[in-house]
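**Q** Could you work out the structure for the sequence below:
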Amino acid sequence: MHDPFDPFSRLIDPDRALSVLRDATAGADDGELFLERARSEVLAFDDGRLRNASYDAAQGFGLRAVRGAATGYAHSTRITADALDDAAAMARLAVGCGGGVMAPPPAGPGPQLYGDGDPVEGIDMARRIATLREIDAHARALDPRVVQVSASLASSLQEVVILRPEGDVFADVRPMARLNVSVIVESNARRETGTAGGGGRFGLSALIDPGHWQALVAEALRIALVNLRSVPAPAGVMDVVLGPGWPGILLHEAVGHGLEGDFNRKKASAFSGLMGQRIAAPGVTVVDDGTLPDRRGSLNVDDEGTPPARNVLIQDGILVGYMQDRQNARLMGVAPTGNGRRESFAHAPMPRMTNTLMEPGADDPQAILSGLRDGIHAVGFGGGQVDITNGKFVFSCTEAYRVRNGQAEEPIRGATLIGDGATALQRIGAIGNDLHLDPGIGNCGKQGQWVPVGVGQPTLLIGGLTVGGSAA
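**A** So this is what the prediction gives:
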């Protein structure tokens, strides 16, 4: 029979670990011992040669004791009895004299959403490097204007075990793989870049298949050539059509973070105190779904032992839910939603998104675009900034077009979309029937922690966004 505490039982006795955890959390409201073993690899090919080959391996534990809003957390890279004793003494400080009532345990893992194999299994180093070299040669052969090609393969495997004070043990093995391609083209002394990528919780074999990476190269080249003929973006207040899929990153940043439980418990979100009220146009339904198979943001179990779920946040424009970890859920008097996440054993969990998306509507995407008299069609996004307290955002477009009389005409460069999430939700005028998920490239930062996430949306029409540009 498989030992759920493996691979850590040879480092520390499970019964000893449980005893120390129970002592640390006596009189607390919650707590756990989180053990992790992780390894990752990145191969980066640039300008015709292998520029970087890195490998990292780490292991450690984090011990947490929670009493009310106070959290005691200690971690160590040494998984030993002495280190565990020291961590327990530190975490115990948050419990004080005790008096808490231990929260009910999590339900544990749901259905298996991804495999547990090593992403590089069966693919030796020579084959991985050869694939990057083939990508470089293929991109250069496609168009004489290609002057530089960058490609990277990244893979990781994270093994976690969560020990609860009541003795429950939850385990998960989390693979991840990703391929990125970037192409720079030059013509008439002008250079432009296009990028494409994808990945998820599966092995590298799917990514290094020629049919897959050749499509990525073609897409990166297409974007670069579009940008090569782009003109400076206009500036002003305009209606904007957002493309499906990756543009959902705007939804993630401008709306999703504001619906995380901790910001709302502390009344630091633009959506605080609005539960049950209309915050978006009719037809807008937003969910956070950690149960999508093989997706980058999905989890078999979150970092507290709670199973992931499909959590409806906005239903037909009405705010109906927040994303919760165990601590914030208890303090707000609601149930955890499977959104307790942490970057690693060195971090305490907090409410985080998994795969956040807007559900499709009934509108034909082409009809949405053809109905736009004068505005912008934003297809790709790069970086952005958001102020959680008021939802104000600034996002840069990596692929966008000027639209006149329903026709997408010249591509534009330097376009930024400026607004705030609450207002943008209210100004959604059309929702396409073409929901797409992103290709598997998202990372999310919060309070210094980074976790993989997914986004998605259909084609959307948003009225009256401020477009920042450089055209005279």
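**Q** Can you tell me the closest non-neighbouring residue to residue 207?
**A** Once flanking residues are discounted, residue 207 sits nearest to residue 179: 4.2 Å by CB to CB, 6 or more residues apart in numbering. Placement of C-beta: from N, CA and C, glycine included.
**Q** what are the pairing partners of the strand or helix carrying the one you found, and which direction each?
**A** Using DSSP states H and E, residue 179 maps to strand 169-187. Here strand 169-187 has these sheet partners by DSSP bridges: strand 146-163 (antiparallel), strand 190-200 (antiparallel).
**Q** Which among those strands is found nearest to residue 446?
**A** Across the strands paired with strand 169-187, residue 446 has its closest neighbour in strand 146-163 (18.3 Å, CB to CB).
**Q** Quick check: buried residues in the closest one?
**A** Across strand 146-163, burial judged by 16 or more other CB atoms under 10 Å covers 146, 148-163.
**Q** Pull out the CA atoms of that strand and give them to me as CSV.
**A** Provided in CSV are the C-alpha atoms of strand 146-163 (Å, rounded to 0.1, in the frame of the first residue of the first chain):
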residue,chain,number,x,y,z
VAL,A,146,14.1,37.0,-39.4
VAL,A,147,17.3,38.2,-37.7
GLN,A,148,17.0,36.6,-34.2
VAL,A,149,15.2,33.6,-32.7
SER,A,150,14.9,32.8,-29.0
ALA,A,151,13.3,29.6,-27.7
SER,A,152,13.1,28.0,-24.3
LEU,A,153,11.9,24.8,-22.8
ALA,A,154,11.0,24.8,-19.1
SER,A,155,9.9,21.8,-17.0
SER,A,156,9.3,21.2,-13.3
LEU,A,157,7.9,18.6,-10.9
GLN,A,158,6.6,19.6,-7.4
GLU,A,159,5.8,16.9,-4.8
VAL,A,160,3.8,18.1,-1.8
VAL,A,161,2.5,16.4,1.3
ILE,A,162,0.1,18.2,3.7
LEU,A,163,-0.2,16.8,7.2
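**Q** Quick one: mean pLDDT for that strand?
**A** Strand 146-163 shows a mean pLDDT of 98.
**Q** Same question for stretch 44-64.
**A** For stretch 44-64, mean pLDDT rounds to 96.
**Q** Now it: buried residues?
**A** Applying 16+ other CB under 10 Å to stretch 44-64 flags 44, 45, 46, 59, 60, 61, 62, 63, 64 as buried.
**Q** picking up where we left off before, tell me the confidence at the residue nearest to residue 207?
**A** Listed pLDDT for residue 179 reads 98.
**Q** Numbering from 36 from now on, please.
**A** Fine by me, first position is 36 from now on; the one you just mentioned is residue 214.
**Q** Tell me the helices and strands packed up against the helix or strand bottoming out on mean pLDDT in the chain.
**A** Among the helices and strands of the chain, strand 409-422 carries the lowest confidence by mean pLDDT, DSSP states H and E, at a mean of 89. Applying 3 or more CB pairs under 8 Å, 6 or more residues apart in numbering; DSSP states H and E, one finds that strand 409-422 contacts strand 271-277, helix 283-286, strand 427-439.
**Q** Give me whichever of the ones you listed is most buried.
**A** Among those, ranked by average contacts under mean count of other CB atoms under 10 Å, first place goes to helix 283-286 (a mean of 26).
**Q** what does that helix rub up against?
**A** 277, 321, 391-393, 416, 419, 428, 430, 452, 459, 473, 477, 490-492 (CB atoms under 8 Å, 6 or more residues apart in numbering).
**Q** Tell me the buried residues within the residues you listed.
**A** Here, 16+ other CB under 10 Å leaves 277, 321, 391-393, 416, 419, 428, 430, 452, 459, 473, 477, 490-492 buried among the contacts of helix 283-286.
**Q** Check residue 121 and give its pLDDT.
**A** Reported pLDDT for residue 121: 98.
**Q** So which residues of the stretch 36-185 of the chain form strands?
**A** 65-81, 84-102, 105-111, 181-198 (DSSP state E, counting those that start in this stretch).
**Q** could you redo these as CSV and give each row distance to residue 309?
**A** Shown next, in CSV, are the strands of the stretch 36-185 of the chain (distance: least, CB to CB, whole Å):
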stretch, distance to residue 309
strand 65-81, 27
strand 84-102, 27
strand 105-111, 27
strand 181-198, 33
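**Q** give the contact list for residue 437.
**A** The contact partners of residue 437, taken as CB under 8 Å, 6+ apart, are 268, 269, 411, 412, 443, 444, 445, 446, 447.
**Q** nope, residue 372 is what I was after
**A** Per CB under 8 Å, 6+ apart, neighbours of residue 372: 323, 341, 344, 346, 356, 357, 358, 359, 364.
**Q** Likewise for residue 147?
**A** residue 335.
**Q** Let's see the pLDDT reported for it.
**A** The pLDDT attached to residue 147 in the predicted structure is 95.
**Q** Quick check on it: phi, psi?
**A** When read as degrees, to the nearest 10, the backbone of residue 147 gives phi -70, psi 120.
**Q** Now residue 263: closest residue in space, sequence neighbours ignored.
**A** Closest to residue 263 by CB to CB, 6+ apart is residue 227, at 4.5 Å.
**Q** Return the per-residue confidence for the spatially closest residue to residue 359 that is not a sequence neighbour.
**A** Nearest residue to residue 359, sequence neighbours excluded (CB to CB, 6+ apart): residue 296, at 4.2 Å. Residue 296 is assigned 96 on the pLDDT scale.
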